[in-house]
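>>> Sequence first, predicted coordinates after that:
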Amino acid sequence: AAGFEELGAAANLHSAAVVERVGFAELESPDLTSLGRGEPIRTHGARLPAAIVAYEHRLARLDAGDVEARAAAQRILDALRAQEAPAGGSG
């Protein structure tokens, strides 16, 4: 089974901040061979600890009255916390 940190994102100048806010980090050396396969260049990789912190922060900032958004953020946070820790170091 694929781990959370195997997830990637192909971000550009305008979308990079969005993926970084949910726990992705910019890759130092993107795999440019994806172009030959007709795939987007993976510019960001998921980082489990960063994603957990991002969703803890998001949950804390959501309005208490926004029950639906809070429930969704809590489900994501619970799912992230349930993930197995990465085998190696991130980065």
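The structure has been received and is ready for your questions. Please read all numbers here as calculations on a predicted model, not as lab measurements.
>>> Name the residues of the host helix or strand of Val19 that are buried.
Using DSSP states H and E, Val19 maps to helix 16-21. The neighbour-count check on helix 16-21 (16 or more other C-beta atoms under 10 Å) flags Val19, Glu20 as buried. (Glycine included, C-beta is placed from N, CA and C.)
>>> quick one: contacts of the helix or strand just after that helix?
Using DSSP H and E, the helix or strand that follows helix 16-21 in sequence is strand 24-26. With contact meaning C-beta atoms under 8 Å, 6 or more residues apart in numbering, strand 24-26 is reached by 7-9, 11, 16, 20, 43-47, 50-51, 90-91.
>>> Okay, strands next: where are they in the protein?
In the chain, the segments counted as strands under DSSP state E are 8-9, 24-26, 44-46.
>>> list the buried ones in stretch 28-45?
For stretch 28-45, by 16+ other C-beta under 10 Å, it's Pro30, Arg42, Thr43, His44, Gly45.
>>> Wait, Gly8 touches Arg47, no?
No. Counting by C-beta atoms under 8 Å, no contact exists between Gly8 and Arg47, whose distance comes to 11.3 Å.
>>> quick revisit: by contact count, what packs against the helix holding Val19?
Judged by 3 or more C-beta pairs under 8 Å, 6 or more residues apart in numbering; DSSP states H and E, helix 16-21 is in contact with strand 44-46.
>>> Run me through the strand neighbours of the strand it packs on, direction for each.
Partners of strand 44-46 in the sheet, by DSSP bridges, are strand 8-9 (antiparallel), strand 24-26 (antiparallel).
>>> from the buried residues of stretch 28-45, which single one is nearest Ala72?
His44 (21.9 Å; C-beta to C-beta).
>>> So what's the residue count around the closest residue in space to that closest one that isn't next to it in sequence?
In space, and not counting its chain neighbours, His44 is closest to Phe24: 3.9 Å by C-beta to C-beta, 6 or more residues apart in numbering. By other C-beta atoms under 10 Å, 22 other residues sit near Phe24.
>>> Show the backbone phi and psi for the residue of the chain positioned farthest from its centre.
For the chain, the residue at maximal distance from the C-alpha centroid (C-alpha atoms, centre = their mean) is Gly65, at 25.9 Å. Backbone torsions of Gly65, given as degrees, to the nearest 10, read phi -80, psi -10.
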